[in-house]
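# Have a look at this fold, sequence not included:
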C-alpha cells in the first residue's frame, strides 16, 4: 500500500510538473481549432456514408461547428482532475448538453446511432493524431501519455452522453411517429379522412399535398398468415430497395400487405427508375408479388392508386417470373379480357404455336413471350432463352409462318403480344 501511495504521489507530481506544458498545448490547439474542425468534417464525409447523404451545406453549418465545440470541451477537460470528474455532475451535464442536443438532431436527420458513434470515434482518432504533432508532445513524450488518457476519457464520456440522448429520443419519438405513420397510411388508402386531417398528418412526414404519387403494393403469393416479424422484415426490404429521388416517401404495413406511397413528381422521366427498383424488389422477395399503380396527382388520389396496384396484382397471372406487375400491363389484360376477339386471338395465334411446340418439342410460345418481355430485342431474348440470336430469328420466322403475323411488323407484333394475354 505504501508503494502504491508513493506511485500515486509520484504521478501527481509528474502531472503537476507538466501543467505548464499542458497550458501551452491547450493554447496551441485553440489556435488550430478551426483547421482541426474542418479536417474532422472532411473525414466524416470520406468515411461515413450517412453523413455524406445529409443535406447540402449541413456538414459545414452543423457538423463541423459541433466537432469544434467538442474540441473546445476536450481542451477544458485537459485541466480536469480525473478523480473528481463524473458524467452526472452538474458541470459535466452542462458541458455535454450541446452534444446531447446534436445527437437528437442526428436522430431526426435519419443518421443511425452506429454512424453517430462512428463519428465520435473518428473524432477521437483525428484529434489524437493532431495532438501527437504538437511540439509540446514531440519534445516531452511523457506528456503524450497523460493527454492520451484524458482524451480517451473525454471521448468515452461524450459518446455515452450522446448515445443515451439519441436512444431516449428514439424510444419516445419512434413510438409516436409509427402511430402517426399508420394513421396517415390508413387515411390515404381508405380515402375516408377529411382533407384537413390528411394535410395535418402529411406535413409531419413532409409529403407535398399536390405532388404526384404512385402506390407500390407488396402481397404474399399465398395467404399463408405471415407473422408480424416477417412482415416487418419485408417492410425493411421495401424501404431499402425503393429509392425515390423526391421527398414524400411513406411506407407501412396494412393487414398482411406492405404499402409504399412513392413520390413520382416527374412521372415520365422517373418511371424507368421505378420499374428497375420494383423489379429488383420482386427478385429479392420471391414469396411476394409486387403491384404498381399509375402516377396520380395529389394525396387525395392515393386511394385510387392503391386500387390500381391491387388490380395490377389480381389481373396478372402469378408466375415464377421475378418482376413487378404494373397497372399499365394490367390494362392490356382488361382490354383483352373484355374484347369479343379474345377467343379469336387465342385460336388463331396461340393454339397453332402450342400445337407445334407439342409436336416438335419446340419453344415457340416461350420465345414469343421472352421476345415481348425483352422489348423486342433479339440479343436479350437469346440471352434469356440461352440460345443464339439466329435461333431466335428462326423461331420468330416460324411463328410468322404458323400464324400469319410477322413479329417484325408493328401491327402484327401488337396482335401477337395481345394474344399471349388471351389464354384460357
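Nice, I can see it. Source: prediction; values computed, not measured.

# Look up phi and psi at the nearest residue to residue 58 once chain neighbours are set aside.
The spatially closest residue to residue 58, leaving aside those adjacent along the chain, is residue 109, at 7.7 Å (CB to CB, 6 or more residues apart in numbering). C-betas here are computed from N, CA, C, even on glycine. Main-chain dihedrals, residue 109, degrees, to the nearest 10: phi -90, psi 0.

# tell me which element residue 213 falls in.
strand 212-220 (DSSP states H and E).

# So which elements touch that strand?
helix 228-241, strand 257-263, helix 267-284, strand 288-292, strand 296-297, helix 302-314 (3 or more CB pairs under 8 Å, 6 or more residues apart in numbering; DSSP states H and E).

# now that strand against helix 302-314, angle please.
For strand 212-220 against helix 302-314, the angle by axes from the mean of the first three to the mean of the last three CA atoms, to 10 degrees is 40 degrees.

# which of the residues in strand 212-220 are buried?
Neighbour-count burial for strand 212-220 flags 212, 213, 214, 215, 216, 217, 218, 219, 220 (criterion: 16 or more other CB atoms under 10 Å).

# what do you get for stretch 330-345?
Within stretch 330-345, the residues scored as buried using 16+ other CB under 10 Å are 330, 332, 333, 336, 342, 345.

# Just give me how far that stretch sits from the chain centre.
39 Å (CA atoms, centre = their mean, to the nearest Å).

# Ends of that stretch, what's the gap?
In stretch 330-345, first residue to last residue: 18 Å (CA to CA, to the nearest Å).

# Run through who's touching that stretch.
308, 311, 312, 315, 316, 415, 417, 418, 419, 421, 422 (CB atoms under 8 Å, 6 or more residues apart in numbering).

# Stretch 16-27 too?
Contact with stretch 16-27 is made by 75, 78, 79, 131, 134, 136, 137, 140, 142, 143, 146, 147, as judged by CB under 8 Å, 6+ apart.

# Just give the number of residues close to residue 168.
14 (other CB atoms under 10 Å).

# so for the helix or strand containing it, what's the average pLDDT?
Assigned by DSSP H and E, residue 168 falls within helix 141-190. Computed over helix 141-190, the mean pLDDT rounds to 81.

# Just want the angle from that helix to helix 302-314.
Relative orientation of helix 141-190 versus helix 302-314 (the same axes, to 10 degrees): 90 degrees.

# list the helices and strands the next helix or strand after helix 141-190 packs on?
Once helix 141-190 ends, the next helix or strand along the chain (criterion: DSSP H and E) is helix 195-205. If you count contacts as 3+ CB pairs under 8 Å, 6+ apart, helix 195-205 packs onto helix 141-190.

# hmm, who's touching stretch 236-250?
181, 184-185, 188, 205-208, 211, 213, 216, 218, 251, 258, 260-266, 270, 273-274, 277-278, 280-281, 284-285.

# just the buried members of those residues?
181, 184-185, 188, 205, 207-208, 211, 213, 216, 218, 251, 258, 260-265, 270, 274, 277-278, 281, 285.

# any idea how far the closest residue to residue 366 other than its chain neighbours is from residue 345?
With sequence-adjacent residues excluded and distances taken as CB to CB, 6+ apart, residue 366 is closest to residue 385, at 7.1 Å. Between residue 385 and residue 345 the distance is 23 Å, computed by CB to CB, to the nearest Å.

# For residue 115, see how far away the most centrally placed residue in the chain is.
Closest to where the C-alpha atoms of the chain average out (CA atoms, centre = their mean) is residue 240, at 3.9 Å. As judged by CB to CB, residue 240 and residue 115 stand 16 Å apart.

# same deal with residue 376?
Per CB to CB, residue 376 is found 46 Å from residue 115.

# Could you verify my assumption that residue 389 touches residue 380?
No. Checked against CB atoms under 8 Å, the pair residue 389 and residue 380 is beyond contact range at 9.6 Å.

# Let me see the domain layout of this protein.
As given by automatic domain parsing, the domain ranges for the chain are 2-173, 210-335, 339-420.

# can you give me how far the last one is from the chain middle?
Relative to the mean C-alpha coordinate of its chain, domain 339-420 is positioned 39 Å out (CA atoms, centre = their mean).

# end-to-end on it?
14 Å.

# Show me what the helix or strand hosting residue 66 is packed against.
Assigned by DSSP H and E, residue 66 belongs to helix 64-77. Under the contact criterion of 3+ CB pairs under 8 Å, 6+ apart, helix 64-77 touches helix 2-31, helix 33-47, helix 90-108, helix 113-132, helix 141-190.

# Any idea how far that helix is from the middle of the chain?
32 Å.

# which parts of that helix are buried?
In helix 64-77, the ones that count as buried by 16+ other CB under 10 Å are 64, 65, 66, 67, 68, 70, 71, 72, 73, 74, 75, 77.

# Can you add distance to residue 399 and pLDDT and give these back as a markdown table?
Putting the buried residues of helix 64-77 into a markdown table (distance: CB to CB, whole Å; pLDDT from 0 to 100) gives the following:
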| residue | distance to residue 399 | pLDDT |
| --- | --- | --- |
| 64 | 65 | 84 |
| 65 | 68 | 85 |
| 66 | 67 | 85 |
| 67 | 67 | 86 |
| 68 | 71 | 86 |
| 70 | 71 | 87 |
| 71 | 73 | 87 |
| 72 | 77 | 86 |
| 73 | 76 | 85 |
| 74 | 75 | 87 |
| 75 | 79 | 86 |
| 77 | 80 | 83 |
